[in-house]
Every structure is written in C-alpha cells, then in structure tokens.
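Asks: Sequence and predicted structure are below.
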Amino acid sequence: MKLRSLLKLLLALAIGTAWFGTTHAWAADAFPSKPIKILVGFSPGGSNDMVARLIGPKLAEGLGQQVLIDNRPGAGGNIAASAMLAAPADGHTLLMCTTGTLSIQPHVLKSMPFDSEKDIVPVTQVVNAPYMLLVNSNLPVKSVKELIAYARQKPGEINFASSGTATGGHLAGEMLKSRAGIDIVHVAYKGTGQAMTDLIAGQVSMIFDQPVSSMQYARSGKLRALAVASPRRLPAFPDIPTVAEAGVPDFDPVTWAGICAPKNTPTAVVERIQREVAKVLAMPEIAKRLTADGLEPVGSTPEQFRTFLAADKRKWGLVVKDADVKAE
C-alpha cells in the first residue's frame, strides 16, 4: 500500500509539473491577444511620456499588437498606478512607473493607495534619467564650487525651484544642501513650466531638471548648466561635469522610468514584455535618441529591476528623512 501511494504521489507531481509547464508556455504564446495600454501618470510632453511614446511603436512591432499610451496625470502618478491595478493582471495594461511613485511617495505620504512592493510587479527599468543643475544666467557663478561658495556667503538667500514638494528635483536640491553644507531655500511649483519661466526671469536662482526639457534654455543662453547629477558625465554633454567632480561626494539623485505590471501577472508574460522592451532599447535609432536627450537606456530583467527598486527606495527614504520632507 505504501508503494502504491508513493507511485500515485509521484504521478500526480509529474502531471502537475507538466501542466504548469504547459500553462506557462501557453500564457506566453497567447499574449498579447489585444492592444496593450501603457498608463503614464503625467501630462503629455514630459520625459516619461516622451519615453513611452518613443518605444511604443517599436514595442508594438515586436509584440504584434498596437501599443496605446494613456495619460492619467495626478497624485504624483498614483492615479495611473491605481488604474493599472484595477485592470486584469494579464499584461495588457501596464504602467510607466517612476521614481516618485515607487521610491519617494511611500516615504512621504501618510497612506498609499497600494503597496509599492506587494501590489506591483517590476518588469524592466527602461531608462536612467539624471538631473542637470541649472542656474539663472545672471547668477555670478560658473561652476558648482562657485555656487557653493556663493551660497555660503549668502545663507538663506539662494532659492531653488522644483516641480513640486517631494519630487525628485526637490530632493536633489535637498541632497545638495545637506552634502555641501549650504543654506538654500526650496520653492515648489505646480509643474516644471512655471518653474522654468521664473528661473529664466530670475525669480528663483537654480533648479535640478531633466536635460530633455531644460537643455534648450542652456543652449540658448537663457540658463547656465553647471553640472549633471550623475555618477558619470553624460555622453550627450561631455563638457558638463558631474556634481561629484566639484567635490560633493556620493551625489547621485538619479531618477528613472520603467515598465511595471499588476501583481499576479503571469511570469511568462512579464518575461515576454521585458525581452521585447530590451530589444527596442538596443535599437541604434532608439538608443541614440534617448542618449541625445540625456537619458540612459537600461532594459534590465525583472529580478534586476526588483533589486534596483529596493536599493533606490532606501536611498530616497534617507533623503526624505534627513530633509524632513512632508507631503503638502
């Protein structure tokens, strides 16, 4: 009887394993069965929207289905994330996830509408998005060292703009304030547009912003680019030094954008999406366009992205704690 029971158990396990393998393969083969929607938690025209629209057409070719970009701005990306989580977990509704939504807001908001670690599946990191430090062209500084020296001479008189409280640009300024030991004042705006207008007019002195939206002003002479907030210089701007080169160590407030899916999305589907996104990012024309805009293509595996997210969340948590940042 014991031998017969053991044989039955082994047979059941073999059948279950075969069924799982068949189901796993079927999920990948059956996907996608309809157009894919990528939700972007910000208005059209921003860097995240630009990246999504750049990779979308090539991703559609690889997957054999139309890829639609759906902007759901508001609540720092939480509206788009909540909409994705309300959709079926089948890979047909994805999120352009960002630093703010997954790495910063969990430390700032008293309550999140979802658990950023349990409810969301990391698919792939699409790009790194280093900030650039820009100042008003009339500010009498031409380097980060000169800016730090000037700020020390005028404590509390230098202000820096951001697109909102607890955004990456805000925390990058707070990080510089802490690491350089200077007293600079944060001025929060509702978006980058008005912040840039006031920076050019001299109402504020400096900003950390994405090159894709700010370099046009530096090239025209309306603003002065002092440094990139990245561990290394950007290929598109080889003459612009890093903040670390100016003597501010461990300064890396690099933001990112990635693709995420709802929990319970089949592993085979997640892996298929990751492979196709990585192929798109490796295309010379796509990589060249991203690099020209100061972005770094990535295309990591789901496990690599998960590991990265854990470290990134810890990093920004320390910045939020040190600066005592509170949600508005």
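Replies: Cool, got the structure. Numbers count the residues shown, from 1 in each chain.

Asks: By mean pLDDT, flag the weakest helix or strand of this structure.
Replies: Least confident helix or strand of the chain, by mean pLDDT, DSSP states H and E, is helix 2-30 with a mean of 48.

Asks: following it, which helix or strand comes up?
Replies: Remark: after helix 2-30, the chain's next helix or strand is strand 36-40, criterion DSSP states H and E.

Asks: Direction included, what does that next one pair up with?
Replies: Under the criterion DSSP bridges, strand 36-40 sits next to strand 67-71 (parallel), strand 93-98 (parallel) in its sheet.

Asks: packing partners for the longest strand seen in the chain?
Replies: When the chain is parsed with DSSP state E, its longest strand is strand 120-129. In terms of contacts (3 or more C-beta pairs under 8 Å, 6 or more residues apart in numbering; DSSP states H and E), strand 120-129 is packed against helix 47-63, strand 93-98, strand 255-262, helix 267-282, strand 296-297, helix 302-323. From N, CA and C alone the C-beta is placed, and that goes for glycine too.

Asks: now the last one against strand 93-98, angle please.
Replies: Read that as helix 302-323. For helix 302-323 against strand 93-98, the angle by axes from the mean of the first three to the mean of the last three C-alpha atoms, to 10 degrees is 40 degrees.

Asks: What angle do strand 255-262 and helix 302-323 make with each other?
Replies: Relative orientation of helix 302-323 versus strand 255-262 (the same axes, to 10 degrees): 120 degrees.

Asks: Same check on the first one?
Replies: The directions of helix 47-63 and strand 255-262 differ by 50 degrees, with the same axes, to 10 degrees as the criterion.

Asks: in helix 47-63, what counts as buried?
Replies: 47-56, 58-60, 62-63 (16 or more other C-beta atoms under 10 Å).

Asks: again with the second one
Replies: By neighbour count with 16+ other C-beta under 10 Å, strand 93-98 contains the buried residues 93-98.

Asks: Measure how buried residue 246 is and give me the count.
Replies: 18 (other C-beta atoms under 10 Å).

Asks: ok, the residue nearest to it when sequence neighbours are not counted - contacts?
Replies: Distances taken as C-beta to C-beta, 6 or more residues apart in numbering place residue 144 nearest to residue 246, at 3.4 Å, with adjacent residues excluded. Residue 144 is in contact with 133, 226-227, 241, 243, 246-248, counting by C-beta atoms under 8 Å, 6 or more residues apart in numbering.

Asks: With that, I have no additional questions.
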